[in-house]
Every structure is written in structure tokens, then in C-alpha cells.
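> Dropping the sequence and predicted coords here.
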Amino acid sequence: MMSQDIPPIDILLPHRGTMLLLDAVTAWDAESATATASVHPDSWYAADNGAMPSWIGIELMAQTIAAHVGLSARSQGRLPKQGILLGTRAYQATMAQFPPETLLIVRTSLIFRDVSGLGAYKCVITLHEEPVATAIIKVYEPDDFNAFLTQASNQS
């Protein structure tokens, strides 16, 4: 899908204010999505040097996945549903921090998704076309988000 056909990020994601970390989705198809994220030196996450701690990369990946799931739903005439980040295996970053005033490219590729709403994505963050973080992210999109939260809180 061409970028002019992709809604603004604040339409795609429920995140607001400083928790919306992506700038835009630049490309997507049924199996993948690509987004951009700027490292702002005055953000809540910024280290003393203005850098973004690399562990924030997990959230960048999760937000890109959420945008992909939402775009997929919209393309099928459905409204996006709320989902949950279940976890990650082997998140690896090649640097402790992403430098300030840089643009990160976040790519997600669907590995699998089943009818229950469980899915997994292979994710890569690049900086200057070099991979700087990778992970497999597992997500879940329950049919009834509020019922899922109630059930989860009753079990804890």
C-alpha cells in the first residue's frame, strides 16, 4: 500500500501524548509493516545525553505491530481491536542507546497468526540501514479486551 493511503499514526494507534513513539507507518502489506520513529532528546525516555535507551525498542516494535494489525483490520472493513504484548524472545540490541536526533526504521513481519488472536512477528530496527535491534514479539488480540483484562486480574 502506498504511503498516501496510510492514515496518520494517531488514527492507527490508541497511544497518546508522549506514549505515541512512532512518527508514521511508511509501508505495509498483509504480512508486514514499516514505521519510523525519531529519537527526541527532550523526551521522557531520554538519557542525560538525549539518547533513547535501546530497551524502548521493544515498544517501538509493539506499536508497529499494532499499526499493522489495525491496518489489516481496516483493509477488511473491520474496526481495529485492542491487543496485548505478551512478550519477546531474544531481544537483542547492538547498542545500549539509540543516538539523539536520529531516525529509526522499524520493520515487522508476520510469522504466524491463529484464529484465537495469538500471533508472532519478527522485528528489526535499523539505523542508517544497519540492524541495531531484533526480536520475535508475541501478541494477543482477544475478542473481548475488557473481559480478558477482568479474567486476568481475577487470576492474579
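Received it, and whenever you're ready, just let me know what you need.
> Quick one: mean pLDDT over stretch 29-41.
Summarised as a single mean, pLDDT over stretch 29-41 is 97.
> Mind listing what's buried along it?
33-37, 39 (16 or more other CB atoms under 10 Å). In this view, the C-beta of every residue, glycine as well, is placed from N, C-alpha and C.
> and the most centrally placed residue in the chain, what does it touch?
Among the residues of the chain, the one closest to the centroid is residue 63, at 2.3 Å (CA atoms, centre = their mean). Applying CB atoms under 8 Å, 6 or more residues apart in numbering, one finds that residue 63 lies in contact with 13, 15, 20-22, 35, 106.
> Any quick PyMOL command for the buried ones out of these?
This is the PyMOL syntax for the buried subset of these, where burial follows 16+ other CB under 10 Å:
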select buried, resi 13+15+21+22+35+106
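> need the contacts of residue 63 in TSV with distance to residue 50 and secondary structure, can you?
Converted to TSV, those look like this (distance: CB to CB, whole Å; DSSP: H, G, I helix; E, B strand; the rest coil):
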residue	distance to residue 50	secondary structure
13	24	coil
15	22	coil
20	19	coil
21	15	coil
22	19	coil
35	21	strand
106	20	strand
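> What is the strand or helix carrying residue 119 packed up against?
Per DSSP states H and E, residue 119 falls inside strand 118-127. When contacts are defined as 3 or more CB pairs under 8 Å, 6 or more residues apart in numbering; DSSP states H and E, strand 118-127 sits against helix 57-75, strand 103-113, strand 130-140.
> chain center to the longest one, what's the gap?
Going back to what we said before, that points to helix 57-75. Put simply, helix 57-75 sits 5 Å off its chain's centre (CA atoms, centre = their mean, to the nearest Å).
> list the buried ones in it?
For helix 57-75, by 16+ other CB under 10 Å, it's 57-72.
> now the angle from that helix to strand 103-113?
60 degrees (axes from the mean of the first three to the mean of the last three CA atoms, to 10 degrees).
> Could you pull up the mean pLDDT of the next helix or strand after helix 57-75?
Using DSSP H and E, the helix or strand that follows helix 57-75 in sequence is strand 84-93. Averaged across strand 84-93, the pLDDT comes to 92.
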